[in-house]
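Give me coordinates for this.
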Amino acid sequence: MEEVNKKNKNNVALIIIIIVLILAIIGLCGYIFLNSSKYIAKSEKKETKDESTYIDREEDTAAKATSTIIFDGSKSINSTNQSYTLSCQGNAGIFISVDSTQRILTFSFTPTKVIEFYPLTWTSTREDMVNSQINFDQKIVDVFFGGMGQSSSGDTLFILLEDGTVEYIPIVHMFNHVQAEVVSYGKINGISDVAKFVLSNTPSGVTTLAIKNDGTFYDLWYALKDTGNY
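Alright, predicted model coming up:
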């Protein structure tokens, strides 16, 4: 009888040990599973964040490659209490200015001077300055008085807008058709993402280049020569 009781006690102890071991194994498996899930989730989150950062940087780089530099007259590095606006000087005393909102362009000229300089079809004895304004629906970021060809007939005012497109005024054609009321001839077809203008010499004469931030450029003579305005 005593041996039976002793045997039963040993069995109970063994069962308890087995149960404890099973619980320990279950607990260990649960711990491993939870930590594994956290590691996977953390890794996935890091990968998503890295991928998102890479995409953001890639998009930002692409935006910088095509963006137009927006002129801001308040961002001088080395001066204070100054007011800066866009302007440029043309031939025959023509002067171009842009107001502080960068949406109104003033075209100033003296009729007798432009008649003397350009091959125009009308005459005038007026010697005072005439100011004509053009309103734009977006900001002007640059104005450039450029030439095209080998004579003054190719003189053109180019207006760069904040979306990177370019409007133009062919000086001789404009004066011969509208005289004192200066107008823009609208956007040049096929020209976009322009950052600045430069004047360039070619074997056939001067031309104006519209340069993009990536270094490529448009020859504006080829963009305008078939418009009938030259």
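
How is this protein divided into domains?
1-66, 87-224 (automatic domain parsing).

Just after the least confident helix or strand in the chain by mean pLDDT, pick out the following helix or strand.
When the helices and strands of the chain are scored by mean pLDDT, DSSP states H and E, helix 2-66 comes last with a mean of 55. Later in the chain than helix 2-66, the nearest helix or strand by DSSP states H and E is strand 87-89.

Now do that following strand, average pLDDT.
Averaged across strand 87-89, the pLDDT comes to 97.

Asp128 touches Thr110, doesn't it?
Yes - with contacts counted by C-beta atoms under 8 Å, Asp128 reaches Thr110, the gap being 7.0 Å. Where C-beta positions appear, they are placed from N, C-alpha and C, glycine not excepted.

the more surrounded of those two?
Neighbours per residue, other C-beta atoms under 10 Å: of Asp128 and Thr110, the larger number sits with Thr110, 18 against 8.

measure the more buried one to Val98 for me?
Computed as C-beta to C-beta, to the nearest Å, the Thr110 to Val98 distance reads 20 Å.

What strands flank the helix or strand in which Ser97 is found, and is each parallel or antiparallel?
In this assignment (DSSP H and E), Ser97 forms part of strand 95-98. When pairs are called by DSSP bridges, strand 95-98 turns out to pair with strand 87-89 (antiparallel), strand 104-109 (antiparallel).

So what's the gap between the shortest one and the chain middle?
How far strand 87-89 lies from its chain's middle: 23 Å, per C-alpha atoms, centre = their mean, to the nearest Å.

Now do the same contact list for Asp142.
71, 86, 158-160, 196-197 (C-beta atoms under 8 Å, 6 or more residues apart in numbering).

The strand or helix carrying it: how far from the chain's middle?
Using DSSP H and E, Asp142 falls within strand 140-146. Distance of strand 140-146 from its chain centroid, counting by C-alpha atoms, centre = their mean, is 16 Å.

how much does it deviate in direction from strand 104-109?
20 degrees (axes from the mean of the first three to the mean of the last three C-alpha atoms, to 10 degrees).

can you pull the buried residues of strand 140-146?
140-146 (16 or more other C-beta atoms under 10 Å).

Note down every partner strand of that strand and its orientation.
strand 156-161 (antiparallel).

Now do whichever helix or strand comes after the strand it pairs with: which elements does it pack against?
Once strand 156-161 ends, the next helix or strand along the chain (criterion: DSSP H and E) is strand 166-170. Counting contacts by 3 or more C-beta pairs under 8 Å, 6 or more residues apart in numbering; DSSP states H and E, strand 166-170 packs against strand 156-161, helix 220-224.

returning to that earlier point: tabulate the domains of the chain (CSV), appending distance to Thr80.
Below are the domains of the chain laid out as CSV (distance: least, C-beta to C-beta, whole Å):
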stretch, distance to Thr80
domain 1-66, 29
domain 87-224, 17
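
Which of these has the highest mean neighbour count?
Ranked by mean neighbour count, those are led by domain 87-224 with a mean of 17 (mean count of other C-beta atoms under 10 Å).

Distance to Val178 added to the strands paired with strand 95-98, as CSV?
Below are these laid out as CSV (distance: least, C-beta to C-beta, whole Å):
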stretch, distance to Val178
strand 87-89, 20
strand 104-109, 11
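
So for Ile22, which of the ones you listed sits nearest?
strand 104-109 (85.4 Å; C-beta to C-beta).

send the alpha carbons of stretch 170-182 over as PDB?
Provided in PDB are the C-alpha atoms of stretch 170-182 (Å, rounded to 0.1, in the frame of the first residue of the first chain):
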ATOM      1  CA  PRO A 170       7.600  91.400 -82.000                       C
ATOM      2  CA  ILE A 171       8.500  95.100 -81.900                       C
ATOM      3  CA  VAL A 172       8.200  96.100 -85.600                       C
ATOM      4  CA  HIS A 173       5.100  94.100 -86.300                       C
ATOM      5  CA  MET A 174       3.500  95.400 -83.100                       C
ATOM      6  CA  PHE A 175       4.200  99.000 -83.900                       C
ATOM      7  CA  ASN A 176       3.000  98.700 -87.500                       C
ATOM      8  CA  HIS A 177      -0.300  97.100 -86.500                       C
ATOM      9  CA  VAL A 178      -1.300  98.600 -83.100                       C
ATOM     10  CA  GLN A 179       1.100 101.600 -82.800                       C
ATOM     11  CA  ALA A 180       0.700 103.200 -79.400                       C
ATOM     12  CA  GLU A 181      -1.400 100.400 -77.800                       C
ATOM     13  CA  VAL A 182       1.200  97.800 -76.900                       C
END
